[in-house]
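A.B. asks: for reference, the sequence and a predicted model appear below.
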Amino acid sequence: MKVDWTTFWPRIIESTGETVLMVIATLIFGSILGISIGLLLYVTRKGNILEKQWVFQTLNILINIIRPIPFIIFLVALSPVTRAVVGSTIGTWAAIFPMTIAASFGIARIVENNLVGIDPGVVEAAKAMGASPFQIIFTVLIPEALGPLILGLTFVTISLIDFSAMAGTVGGGGLGHVAMTYGYQRFDGSVMLVTVVILIILVQVAQWIGNTFSRKVMRR
Amino acid sequence: MIEFKQAVKTFKLGKREVTAVKDVSLSVAQGEIFGIIGFSGAGKSTLLRLVNMLERPTTGSIQVQGVDLATLSQKDLRKLRRRIGMIFQNFNLFTSRTVAGNVAYPLKLGGVAKKEVTARVAELLDFVGLSDKANDYPEQLSGGQKQRVGIARALATSPDILICDEATSALDPDTTADILRLLKKVNKELGITILLITHEMHVIQEICDRVAVMEDGEVIETGSVFDTFTNPQHPTTRRFIQSVQQDRPSNALLKEWRAKGGKKLYRVIFKGEVAGDPVLSRLTQKFGVNFNIVYGSIRELQEKFFGNLLVSFDGDEQSVSLLIASLKESVEIEEVAVHES
């Protein structure tokens, strides 16, 4: 049975809203967590301002364990924790939790990579001027890495759109859910086409926003 | 002002230990420009970083204005660092901040009020001659301009000491001269003690009062720039000096001179006051000997004359040896050997 498009549009709009909510909420929580972990990873690195080998190694290994797990498996494996934290494993917020965890570790690595790219001389200069480690983090490291960081977050946002579709298949709602249930399971090509087009538009918009911001920050 | 006492710094590179600074004792007086020269890897950069504890000494102590740095807490150390400005070979400006933002940074760290910051930044940019670049970003500036920003930033907190890490090594000769003039101005007008490291002897010659020569982590020679240039003790020091003033012709030319039957060459060295006395002319007339200046120069060093001439004498042997004996009373004179190399 094909969908009746005269009544189906509100369903599409609602799902788009769910997808956008999942992506934005994950981006916000994931960034807070990911940037913190990334900074911690960078400053505890050998030779850096708050060198702590065991912290660095623990985080490093943790990230390397979590990152290679395919998201769909991670989603299912984490469900007991999700139930404990969110209270349910079904629904948009139940999807946001595992997405946030997975995204934070990805973001942490991106943050670390961008920070490593900062000229150590600049950090040394700040130190020589009497900056505390805390001041170095917030007045040197973050501002100096901001441009590439925004591009990194844009990249993550686009993976999140992909994640949200997967979360949709296990009850997270959103466009992924619509595409799976109506487009795939009922063989309705028109639903598949519409959801794919909307996803493409979302990706374009996210990329455009990211490029604009980063260009502003990097002045090029 | 700054006092190194048997400072040693050892780094661990894997399982190997490298001693970058070996037992250095040195003292820098208030108001002087002190230069440390050495080839790369001599340990001068590490030595410089001991002054503001960017590197901690393995043993020995460093005192700044009478305070032993090892006794300071992290907080007091950060306070002390605000009294020591630092500039770098690669400028190390914040790319995310404008010129004014870079200069304002150390003031903001110190919690200076916004209004005062603006006024101080304007004053500093005027001092280094970059008032029109306040809103530019570092990437829009030339190397010399970047170093001026670096200097303005280092001076923002009105430090007593400025330490310079190869501050002119990335600059072309013209710009180097500009920056050296600016550093001299910082020293003279603001009374700031400057400790600099360099591998370029002309930097020492241009602005330093005293110099220490470093090799292999050790200070091998220390003295006033004038004494060091006019009477270097260590071969490495001589090599540095020859890099800025060639005091002898090439061996090939010397051999040719000999081969063509040229007379013996003597090196005559005039220092300071002697340069005003026509001693060579007076004494050669007295002994009836002709002289011929073959090679050499008379230059200014630390606002004193310094002459270094290769001279040959034409006369009978006895007169020449009498002449040389009496010349020795007022100038340094020695026979020039032709090195076979």
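C.D. replies: Alright, I've got the coordinates.
A.B. asks: report the central residue of the chain.
C.D. replies: By default, I'm working from chain A. By CA atoms, centre = their mean, chain A has its centre lying nearest to residue A:103, at 4.0 Å.
A.B. asks: please go with chain B instead
C.D. replies: Central residue of chain B (CA atoms, centre = their mean): residue B:204, at 2.3 Å.
A.B. asks: any idea how far that residue is from chain A?
C.D. replies: Using CB to the nearest CB, to the nearest Å, residue B:204 is found at 23 Å from chain A. (Each C-beta comes from the backbone N, C-alpha and C, glycine too.)
A.B. asks: please pull out the lowest mean pLDDT helix or strand from the chain.
C.D. replies: If you meant another chain, say so; for now it's chain A. When each helix and strand of chain A is scored by mean pLDDT, DSSP states H and E, helix A:174-178 comes last, with a mean of 86.
A.B. asks: could you do chain B instead?
C.D. replies: Min over SSEs of chain B, mean pLDDT, DSSP H and E: helix B:251-259 (a mean of 81).
A.B. asks: which other helices and strands contact the one helix or strand residue A:190 maps to?
C.D. replies: Per DSSP states H and E, residue A:190 falls inside helix A:189-218. On a contact count with 3 or more CB pairs under 8 Å, 6 or more residues apart in numbering or on different chains; DSSP states H and E, helix A:189-218 meets helix A:5-43, helix A:142-167, helix A:174-178.
A.B. asks: hmm, who's touching the shortest one?
C.D. replies: Taking contacts as CB atoms under 8 Å, 6 or more residues apart in numbering or on different chains, the residues outside helix A:174-178 that touch it are A:11-12, A:15-16, A:18-19, A:22, A:92, A:95, A:164-169, A:171, A:191, A:195, A:198-199.
A.B. asks: list only buried entries from the residues you listed.
C.D. replies: Using 16 or more other CB atoms under 10 Å in any protein chain shown as the burial test, the contacts of helix A:174-178 include A:12, A:15-16, A:18-19, A:22, A:92, A:95, A:164-169, A:191, A:195, A:198-199 as buried.
A.B. asks: so residue B:60: helix, strand or coil?
C.D. replies: strand (DSSP: H, G, I helix; E, B strand; the rest coil).
A.B. asks: who's in contact with it?
C.D. replies: By CB under 8 Å, 6+ apart, the contact set of residue B:60 is B:4-8, B:23-24.
A.B. asks: strands - which of the residues you listed land there?
C.D. replies: Using DSSP state E, the members of those that fall in strands are B:4-8, B:23-24.
A.B. asks: possible to save the contacts of residue B:60 as a markdown table with pLDDT?
C.D. replies: Converted to a markdown table, these look like this (pLDDT from 0 to 100):
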| residue | pLDDT |
| --- | --- |
| B:4 | 92 |
| B:5 | 92 |
| B:6 | 93 |
| B:7 | 90 |
| B:8 | 91 |
| B:23 | 91 |
| B:24 | 92 |
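A.B. asks: sorry, back to before: please tell me how far the closest residue to the residue nearest to the centre of chain A other than its chain neighbours sits from residue A:144.
C.D. replies: Counting by CB to CB, 6 or more residues apart in numbering or on different chains, residue A:30 is the residue found nearest to residue A:103 once chain neighbours are left out, at 3.4 Å. Using CB to CB, to the nearest Å, one gets 22 Å for the distance from residue A:30 to residue A:144.
A.B. asks: which one of those two is surrounded by more residues?
C.D. replies: More crowded of residue A:30 and residue A:144, by other CB atoms under 10 Å in any protein chain shown: residue A:30, with 26 against 22.
A.B. asks: separation between that one and residue A:19?
C.D. replies: Residue A:30 is 16 Å from residue A:19, by CB to CB.
A.B. asks: ditto for residue B:318
C.D. replies: Residue B:318 is 109 Å from residue A:19, where distance means CB to CB.
A.B. asks: do a quick rundown of the strands in the stretch 51-200 of chain B.
C.D. replies: B:59-64, B:67-68, B:84-88, B:161-165, B:193-198 (DSSP state E, counting those that start in this stretch).
A.B. asks: elements contacting the third one?
C.D. replies: Contact here means 3+ CB pairs under 8 Å, 6+ apart; on that basis strand B:84-88 packs against helix A:120-128, helix B:143-155, strand B:161-165.
A.B. asks: dump the last one to CSV, keeping only the CA atoms.
C.D. replies: Coordinates of each C-alpha in strand B:161-165 appear next as CSV, following Å, rounded to 0.1, in the frame of the first residue of the first chain:
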residue,chain,number,x,y,z
ILE,B,161,64.1,42.3,31.8
LEU,B,162,63.6,41.4,28.2
ILE,B,163,64.9,38.0,27.0
CYS,B,164,65.3,37.5,23.3
ASP,B,165,65.5,34.1,21.7
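A.B. asks: show the contacting residues for residue B:86.
C.D. replies: Neighbours of residue B:86 in contact, by CB under 8 Å, 6+ apart: A:125, A:128-129, B:52, B:154, B:162-165.
A.B. asks: quick one on the thing from earlier: separation between the residue nearest to the centre of chain B and residue A:199?
C.D. replies: Distance from residue B:204 to residue A:199, by CB to CB: 67 Å.
A.B. asks: what do you get for residue B:200?
C.D. replies: Counting by CB to CB - residue B:200 and residue A:199 are separated by 61 Å.
A.B. asks: identify the single longest helix in chain B, thanks.
C.D. replies: helix B:173-190 (DSSP state H).
A.B. asks: if you count contacts, what does that one end up packed against?
C.D. replies: strand B:33-37, helix B:143-155, strand B:161-165, strand B:193-198, helix B:201-207.
A.B. asks: switch the cut-off to 6 Å
C.D. replies: Applying 3 or more CB pairs under 6 Å, 6 or more residues apart in numbering or on different chains; DSSP states H and E, one finds that helix B:173-190 contacts helix B:143-155, helix B:201-207.
A.B. asks: tell me the most buried of these?
C.D. replies: Of all the helices and strands packed on helix B:173-190, helix B:143-155 carries the top mean neighbour count, a mean of 24, counting by mean count of other CB atoms under 10 Å in any protein chain shown.
A.B. asks: could you check the angle strand B:161-165 makes with that helix?
C.D. replies: 150 degrees (axes from the mean of the first three to the mean of the last three CA atoms, to 10 degrees).
A.B. asks: got the residues of chain A near chain B?
C.D. replies: Applying CB under 6 Å from any CB of the partner chain, one finds that chain A approaches chain B through A:121-122, A:125, A:128-131, A:143-144.
A.B. asks: specify which member of those is nearest to residue B:233.
C.D. replies: Residue B:233 has its nearest neighbour among the residues of chain A next to chain B in residue A:128, at 33.7 Å by CB to CB.
A.B. asks: quick one: contacts for that closest one?
C.D. replies: By CB atoms under 6 Å, 6 or more residues apart in numbering or on different chains, the contact list for residue A:128 reads B:52, B:81, B:86.
A.B. asks: which non-adjacent residue is nearest it?
C.D. replies: Closest residue to residue A:128 apart from its sequence neighbours, by CB to CB, 6+ apart: residue B:86 at 4.2 Å.
A.B. asks: residue B:235: neighbour count?
C.D. replies: Residue B:235: 10 surrounding residues under other CB under 10 Å.
A.B. asks: and it, what pLDDT?
C.D. replies: Per-residue confidence (pLDDT) for residue B:235: 88.
A.B. asks: for residue B:99, same thing?
C.D. replies: Looking at residue B:99, its pLDDT is 95.
A.B. asks: mind checking how far it is from chain A?
C.D. replies: In this view, residue B:99 and chain A are 14 Å apart by CB to the nearest CB.
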